[in-house]
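Novice: Can you look at this prediction? I've put the sequence above it.
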Amino acid sequence: MDLLIKTAQSNISDPQSAGRDVAEKALAKLAGKPPTFALIFSSAGYDQKKLFEGIGEVLNNVPMSGCTGEGIITSQGSDEGSAIVSLMLFSGKDLSIHNFLATGLEKHSYQSAQEIVKKINKIKRKSNSTIFLLADSMTVNTTEVFRAFEEDLSEPTLILGGTAGDMMQFNETYQFHDGKVYQDALSVVFMTGDYGFDFFVSHGCEEIGLIQTVTKSNANSIVEIDGKPAWDSFRDYLPGNPSDFKAEDAFHLCLGELHHLESPCGEQLIIRMPVGLVKNTGAVKFSVEIPEGTEIRFTRRDPQIIAEKVICGFKALIERNEGKKPIAVFQYDCAGRGRAIYDRCLNEAIFEPLKKLLGPETPWIGFHTYGEIAPLCGKVFFHNFTAVIGIMFEEVSR
């Protein structure tokens with residue numbers, strides 16, 4: 001197979017130096033083969049423009065996509081420091097990669113995604129195709145983005161991804177495209193080639209309370225739950241009767257949406273994390289629409305369940321693809337499943353067991369998101385407090 005994938009990371013604090021460093025390391029691993037594409041995730045602590053000035057000094061006009069994350073995931077595990085950048089370089093003719101970017105998500109999420117879908121439809125496909133969606137978590141309406149892909153994409157395609165993070169500030173996130181830095185944007189990677197790809201979705205939330213119903217909503221905000229202001233319903237489960245939503249509250253309390261899909265999907269809840277309050281209304285804002293009539297349950301996270309389920313899911317993924325050679329791992333893992341809950345034990349609890357199942361040589365890239373994107377039973381959903389892990393294999397899945 002004419003495909004080579006290599007990764008590198010850098011923790012240099014100076015952004016331009018870090019950009020040069022990570023690009024030089026990854027390029028050296030290609031051993032003279034020309035790079036065709038770069039996937040890049042970085043912490044929001046960098047000056048992103050200077051970071052890409054450094055990367056551009058090495059990679060010149062190589063197409064690039066990516067975004068900032070609350071933390072970065074590599075073959076070394078999770079790093080939620082303020083200075084970490086990871087880069088995956090691709091080379092070879094057996095994988096065709098096309099990248100796109102659309103801005104204006106806050107006002108026109110559907111139209112922005114639709115522009116990209118039209119471009120994807122013009123590309124000649126090979127035996128397998130995959131789409132990665134990387135969006136500004138502060139402005140995207142993922143329901144509208146998914147609607148554009150569902151309505152207009154000419155062929156069924158696996159869609160995975162996540163929304164960008166910013167070190168738990170919930171303020172500004174950044175998206176990358178061809179060496180430039182954007183906000184309020186959707187960065188999309190479309191891969192097609194002779195490869196296999198498989199994935200799994202896993203959360204570790206425990207249900208609390210009874211089933212309730214969203215009785216009033218407005219776009220991607222819940223206004224009332226069982227006829228009661230949504231924020232009042234949240235405060236019933238939060239200590240101290242808080243007057244405002246804080247990031248640490250979202251680490252422990254979220255909604256589980258009952259999806260009622262006809263096919264058995266393993267996960268019966270789709271986890272939803274609030275991203276803020278709508279001022280002076282008592283409404284709670286999300287990155288996805290949760291329409292009136294939706295049945296929900298409040299949930300809390302359980303560190304032991306999180307670890308057990310993601311390790312079991314990864315093991316099952318490898319076992320059902322026995323005999324196929326893994327060539328890259330892509331991971332989109334919620335920011336609320338990292339240091340916020342495991343402190344300094346995250347790598348020991350989760351990533352070291354995962355690496356033992358696969359081996360240390362497989363290139364691995366990902367980031368801690370403010371929301372994960374993956375299908376259940378063929379329908380794409382926006383998830384929270386969830387891990388989405390995909391593996392690319394040399395062998396084509398049959």
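Specialist: Perfect, I can see it now.

Novice: C-alpha only now, for contacts and for neighbours.
Specialist: Noted.

Novice: Residues contacting the host helix or strand of Phe197, please?
Specialist: Assigned by DSSP states H and E, Phe197 falls within strand 196-203. Here strand 196-203 makes contact (Cα atoms under 8 Å, 6 or more residues apart in numbering) with 128, 267, 271, 306, 309-310, 313-314, 317, 374, 385-397.

Novice: Inside helices: which ones of the residues you listed?
Specialist: Ile306, Lys309, Val310, Gly313, Phe314, Leu317 (DSSP state H).

Novice: residues touching the fourth one, list them.
Specialist: Applying Cα under 8 Å, 6+ apart, one finds that Gly313 lies in contact with Phe200, Val201, Ser202.

Novice: Test of understanding: give the bridge partners of the first one.
Specialist: The bridge-partner assignment for Phe200, based on DSSP bridges, gives Ile389.

Novice: pLDDT score for it?
Specialist: Phe200 is assigned a predicted lDDT (pLDDT) of 94.

Novice: Identify the residue nearest the geometric centre of this protein.
Specialist: Gly162 (2.1 Å; Cα atoms, centre = their mean).

Novice: Please, which helix or strand holds that residue?
Specialist: Assigned by DSSP H and E, Gly162 falls in strand 158-163.

Novice: what separates the very next helix or strand once past that strand from the chain centre, distance-wise?
Specialist: Under the assignment DSSP H and E, the closest C-terminal helix or strand after strand 158-163 is strand 175-177. In this view, strand 175-177 has its centroid 14 Å away from the chain centroid, taken as Cα atoms, centre = their mean, to the nearest Å.

Novice: Strand 175-177 pairs with which strands?
Specialist: In the sheet, strand 175-177 lines up against strand 64-69 (antiparallel), strand 180-182 (antiparallel) (DSSP bridges).

Novice: mind listing what's buried in the last one?
Specialist: For strand 180-182, the neighbour count (16 or more other Cα atoms under 10 Å) marks Val181, Tyr182 as buried.

Novice: which residues are contacting that strand?
Specialist: With Cα under 8 Å, 6+ apart, strand 180-182 has contacts from Gln48, Lys49, Phe52, Tyr174, Gln175, Phe176.

Novice: please redo it, this time with the cut-off set to 10 Å
Specialist: Residues from elsewhere that reach strand 180-182, judged by Cα atoms under 10 Å, 6 or more residues apart in numbering: 48-53, 56, 64-67, 101-103, 136, 173-176.

Novice: quick one on the thing from earlier: from Phe367, how far out is the residue nearest to the centre of the chain?
Specialist: 8 Å (Cα to Cα, to the nearest Å).

Novice: give me the element the spatially closest residue to Ile225 that is not a sequence neighbour is part of.
Specialist: Closest residue to Ile225 apart from its sequence neighbours, by Cα to Cα, 6 or more residues apart in numbering: Val214 at 4.6 Å. Element membership for Val214, per DSSP H and E: strand 205-218.

Novice: Return the list of helices and strands in contact with that strand.
Specialist: strand 221-225, strand 228-229, helix 230-235, strand 253-258, strand 269-272, strand 283-285, strand 295-301, helix 303-319 (3 or more Cα pairs under 10 Å, 6 or more residues apart in numbering; DSSP states H and E).

Novice: hmm, back to that, now a ChimeraX select for only the buried ones of the contacts of strand 196-203.
Specialist: The command below creates a ChimeraX selection of those among the contacts of strand 196-203 that count as buried (16+ other Cα under 10 Å):
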select :128,271,306,309,310,313,314,317,374,385,386,387,388,389,390,391,392,393,394,395
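
Novice: before we move on, back to that, compare the strands paired with strand 175-177 and give me the one nearest Cys254.
Specialist: strand 64-69 (20.3 Å; Cα to Cα).

Novice: Centre of the chain to the closest one, how far?
Specialist: That offset, for strand 64-69, works out to 11 Å (Cα atoms, centre = their mean).

Novice: same question for that strand, mean pLDDT?
Specialist: For strand 64-69, the per-residue pLDDT averages 98.

Novice: Only C-alpha atoms, please: export stretch 225-243 in CSV.
Specialist: Presented in CSV, the C-alpha positions along stretch 225-243 are these (Å, rounded to 0.1, in the frame of the first residue of the first chain):
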residue,chain,number,x,y,z
ILE,A,225,-38.2,21.0,31.3
ASP,A,226,-41.5,19.6,32.5
GLY,A,227,-42.9,23.1,32.4
LYS,A,228,-40.2,24.5,34.6
PRO,A,229,-37.4,26.9,33.6
ALA,A,230,-34.5,24.7,32.4
TRP,A,231,-31.9,26.4,34.6
ASP,A,232,-34.1,25.8,37.7
SER,A,233,-34.2,22.1,36.8
PHE,A,234,-30.4,22.0,36.5
ARG,A,235,-30.0,23.8,39.8
ASP,A,236,-32.0,21.0,41.5
TYR,A,237,-28.9,18.8,41.0
LEU,A,238,-26.2,21.4,41.7
PRO,A,239,-24.9,22.2,45.2
GLY,A,240,-25.2,25.7,46.7
ASN,A,241,-28.1,26.9,44.5
PRO,A,242,-25.8,28.6,42.0
SER,A,243,-26.9,31.8,40.1
